[in-house]
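Colleague: Please find the sequence and the predicted model below.
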Amino acid sequence: MNIGFIGLGNMGGPMALNLAKAGHRLHVFDLSQLAVAQLVEAGARSLDSPAAVARAGVEVIISMLPAAQHVKSVYLGEDGLLANVPKGVLLIDSSTIDPHSAREVAAAASKQGNPMLDAPVSGGTGGAAAGTLTFMVGGAAADFDRAHPVLSAMGRNIVHCGDSGNGQVAKVANNMLLGISMIGVAEAMSLGVSLGMDAKTLAGILNTSSGRCWSSEINNPYPGVLENAPASRGYSGGFGSDLMLKDLGLATEAAKQIRQPVILGALAQQLYQSFSLQGHGGLDFSAIIKLYQKDL
Ligand code: NAD
């Protein structure tokens, strides 16, 4: 299949490489020449704008961009996708953005005859490289079926979440819970260790008891508990605190629009905001435990 791909960063780069490995012909664009070069080496054709990708004779276009403002400019801008794409080409945005913006761009696409899906992912850069991402997809069922074989080359769990925007809804709800649970685990681990328990023993108890969750078991924030977790290598790599802050902002903003209380989500957002202000935005989000234990 001829596929357009826009946004070849930490996530989009390896995702596009997996499409190339699956035998698809890629037509790519990114503002960074370095990001493009890696794909060209794998056989992709480099183009110089979203408009050129739209006119490249592709059947599907996928975007993986930082935030809503980039998605809007790539889709709705003068030299953007919608002003140039032929009717019927399937558009898939995998960026994590707010559900409202996702619905706005999809409605504009649909108005001119282009089906569009929001398909944010979870699984991180490791999952992107291994082709094991989870895709949370919003849009019409027929478009989901059409996208499925393409998404399968990049992910393992491809889930239809309902109408347009619902992929983003699933993503912000999951990441809000993840932020809250990480802070909870950091608080509990700090309390236990300060009261005299060995961190590894305490984590073992949590993980075989009712406190168990992804943040305690797979990405425990206490150094030394898990050899391969960011906590055991100075909180480097992993999922950056500033990315968690962005996702918590999406959740609290979306909640505000419908007056839905997200009391712990808002508190988590404020904690990550103050953590970022202290200069820790680049550390893995488990480093939030530093708010409780200065010496870590
Ligand atoms: P990134 O910053 O590494 O990559 C974004 C890419 O988009 C860059 O190469 C940049 O040059 C390009 N870009 C920006 N504006 C552009 C434009 N107008 N036209 C063309 N290219 C443009 O970000 P990432 O880590 O790949 O994340 C992408 C999205 O995936 C974000 O929404 C993020 O929240 C989400 N996400 C990231 C992770 C993760 O672990 N990194 C996990 C899940 C979801």
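Modeller: Yes, it's here.
Colleague: can you pull out the strands in the stretch 101-250 of the chain?
Modeller: 116-118, 121-122, 133-138, 155-162 (DSSP state E, counting those that start in this stretch).
Colleague: Please name every helix or strand in contact with the second one.
Modeller: Taking 3 or more CB pairs under 8 Å, 6 or more residues apart in numbering; DSSP states H and E as the contact definition, the neighbouring helices and strands of strand 121-122 are strand 133-138, helix 166-194. Yep, even glycine has a C-beta here, placed from its N, CA and C like the rest.
Colleague: what's the most buried one of the strands of the stretch 101-250 of the chain?
Modeller: strand 116-118 (a mean of 29; mean count of other CB atoms under 10 Å).
Colleague: Show residues contacting that one.
Modeller: Identification of contacts with strand 116-118 by CB atoms under 8 Å, 6 or more residues apart in numbering yields 90-93, 97, 99, 102, 105-106, 109-110, 137-139, 143-144, 147, 164-168.
Colleague: is it possible to export the strands of the stretch 101-250 of the chain to a markdown table including distance to the ligand?
Modeller: Converted to a markdown table, those look like this (distance: least, CB to the nearest ligand atom, whole Å):
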| stretch | distance to the ligand |
| --- | --- |
| strand 116-118 | 11 |
| strand 121-122 | 5 |
| strand 133-138 | 8 |
| strand 155-162 | 11 |
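Colleague: Including mean pLDDT, could the ones you listed go into JSON lines?
Modeller: Shown next, in JSON lines, are the strands of the stretch 101-250 of the chain (pLDDT from 0 to 100):
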{"stretch": "strand 116-118", "mean pLDDT": "98"}
{"stretch": "strand 121-122", "mean pLDDT": "95"}
{"stretch": "strand 133-138", "mean pLDDT": "98"}
{"stretch": "strand 155-162", "mean pLDDT": "98"}
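Colleague: Among those, which comes closest to residue 188?
Modeller: strand 121-122 (23.7 Å; CB to CB).
Colleague: before we move on, the earlier item: rebuild the strands of the stretch 101-250 of the chain as JSON lines, extending it with distance to residue 292.
Modeller: As requested, those are arranged in JSON lines below (distance: least, CB to CB, whole Å):
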{"stretch": "strand 116-118", "distance to residue 292": "36"}
{"stretch": "strand 121-122", "distance to residue 292": "26"}
{"stretch": "strand 133-138", "distance to residue 292": "30"}
{"stretch": "strand 155-162", "distance to residue 292": "33"}
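Colleague: Would you mind measuring the gap between the ends of stretch 158-167?
Modeller: For stretch 158-167, the separation between the terminal residues is 11 Å (CA to CA, to the nearest Å).
Colleague: and it, how far from the chain's centre?
Modeller: Taking CA atoms, centre = their mean, to the nearest Å, the mean C-alpha location of stretch 158-167 is offset from the chain mean by 15 Å.
Colleague: Go through the helices and strands packed on strand 121-122 and pick out the most buried.
Modeller: Of all the helices and strands packed on strand 121-122, strand 133-138 carries the top mean neighbour count, a mean of 25, counting by mean count of other CB under 10 Å.
Colleague: List of residues touching it?
Modeller: Strand 133-138 has contacts (CB under 8 Å, 6+ apart) with 15, 94, 99, 102, 117-123, 127, 144, 147, 151, 154-171, 174.
Colleague: Would you mind putting the CA coordinates of that strand into PDB?
Modeller: Extracted in PDB, the C-alpha atoms of strand 133-138 (Å, rounded to 0.1, in the frame of the first residue of the first chain):
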ATOM      1  CA  LEU A 133       1.600  -0.700  20.600                       C
ATOM      2  CA  THR A 134      -2.000  -0.500  21.800                       C
ATOM      3  CA  PHE A 135      -4.100   1.700  19.400                       C
ATOM      4  CA  MET A 136      -7.200   3.300  20.900                       C
ATOM      5  CA  VAL A 137      -9.300   4.200  17.900                       C
ATOM      6  CA  GLY A 138     -12.200   6.600  17.500                       C
END
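Colleague: could you measure residue 85 against the ligand, distance?
Modeller: From residue 85 over to the ligand the distance is 15 Å, taken as CB to the nearest ligand atom, to the nearest Å.
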